[in-house]
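J.: Pasting a predicted model and its sequence here:
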Amino acid sequence: MPFFSFSLNEIKPSFTKYNITSNNVYFSKNTNLWKILNKENGSLIKFLKREKRLPATKITKNILFCLPPSIGLGDAIEYAMAIKKLSEKIQFDNLGVAFTGEHEIIFRDFYKISKIYPFIIEKNEFNNFDTVFHLTLEISNLVNQKYSRSNIFEEIINYFNIKQPRQREFINSNNKIKKISIFPISSSPIRSMPIVILNDLLNLLTQDYFVEICLDCNSKISNYLLNNLNKKNVTLVDPKNKSELISYIKNIQYGLFMDSGPLHVAKMLNKRGLMLETSVSTKILLKNYNLIKGIENNFTSSYCNAPCGLTDIFNYKNSFGCYDSLRLNSLKIKNNNFKDINNRGVKNYYLENFKKPPGCLLSLNVQNIYNAIKKDMFL
């Protein structure tokens, strides 16, 4: 997790998106920028230095919240929702959020947080904040989110002793559901819908409903699904960016979700649907939200029980997978505080793992999913 400072002697086109100017000092956590800077020659870079994250000595009314790098859309929504709640309960004089990355739209447009630093923050602005609060440094339960997913929103507001909001009770509209939108893609292979499950579901759902499938052309998993999908009587949707994705979800009637960014967007927009539990518990993901129902996963093996808490595959001695696929005892890994595993190189093995789903994914019962959808339609 790089946290670094840098200054450049000159600006090349590859730095344009970051709004960097020469001879200024910046802080960043952006992993792509870190990689680019490390490949540049010395004449371009005045200096590049890893920084140590320092704990906040006190919480003041002049605070900068620093997000971890490389978070997904769903996590961005959880962080934004929590910081917005803090701003409503605590009268901050000056509140900023740093390192939102590509998710600036979530913080700015949906949660109305005005002071945002997407990729970098200039040193003088950084030093103007009395409190710099690195969320995954200060809140211990946020450290191992890749291996032990918890409720990000809840962890943050509990840390600041903010009272939990009561469950939002929504009343389903009486409008007849004619169309179901399926969101099979996650950023991780262990939270994406296997092609065999998706095709079997389509065989049932297309008899009763118009069905749309939301894909992602930038995902190898999505492209593999597209090439192996039963496309008969199905409409394919491929939003080109987050704005298009959010606009699409805003107009769906009913969604079928994996644990993915679209699930969190749907919650943000008060949409109805059904979520298929795999490695992350519906009790965490759907807490205080009743318009999306969850189908629990009761898979168990000699190595793990669903939901195990993982959000991604991991690297174990240069083998890539999850507890079930690598035949590793999950309790031993957890009891050693995940020190035996890491996430180096995992993205190179996403497609391979998607083609060979672990037990929790293969245990999804298509008929049970179909029955749950039909039952939910009459509630």
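T.: Structure received. Numbers count the residues shown, from 1 in each chain.

J.: what about Asn24, distance to Ser7?
T.: Counting by Cβ to Cβ, to the nearest Å, the separation of Asn24 from Ser7 is 6 Å. No exception for glycine: its C-beta is placed from N, CA and C like everyone else's.

J.: For those two, indicate the residue with more neighbours.
T.: Regarding Asn24 and Ser7, a neighbour count based on other Cβ atoms under 10 Å identifies Ser7 as having more, with 17 against 14.

J.: Kindly indicate whether the more buried one is helix, strand or coil.
T.: Using DSSP: H, G, I helix; E, B strand; the rest coil, the structure places Ser7 in strand.

J.: State the pLDDT value of it.
T.: Reading off the per-residue confidence, Ser7 sits at a pLDDT of 96.

J.: now swap in Lys89 and tell me
T.: Per-residue confidence for Lys89 comes out at a pLDDT of 94.

J.: Asn141 too?
T.: As predicted, Asn141 sits at a pLDDT of 92.

J.: same question, Pro165
T.: Note for Pro165: predicted pLDDT of 69.

J.: all helices for the stretch 201-350 of the chain, in order.
T.: With DSSP state H, counting those that start in this stretch applied, the stretch 201-350 of the chain shows helices at 220-228, 242-250, 261-268, 282-285, 323-326, 330-335, 350-355, listed in chain order.

J.: and Leu362, what is it in contact with?
T.: Residues counted as contacts of Leu362 (Cβ atoms under 8 Å, 6 or more residues apart in numbering) are Pro194, Val196, Ile197.

J.: in the stretch 51-200 of the chain, which spans are strands?
T.: Across the stretch 51-200 of the chain, reading from the start of the chain, the strands by DSSP state E, counting those that start in this stretch fall at 62-66, 94-98, 116-117, 120-122, 131-134, 179-183.

J.: Of these, which is nearest Tyr316?
T.: Shortest distance between Tyr316 and the strands of the stretch 51-200 of the chain, using Cβ to Cβ, is found for strand 131-134: 27.8 Å.

J.: Okay, now the unreliable bits of this structure?
T.: Applying pLDDT under 70 to the chain picks out residues 1, 165-174, 379.

J.: domains for it, by residue range?
T.: Using automatic domain parsing, the domain parsing of the chain gives 4-50, 62-159, 178-379.

J.: Ala56: which of those domains is closest?
T.: Proximity to Ala56, assessed across those by Cβ to Cβ, is greatest for domain 62-159 (5.0 Å).
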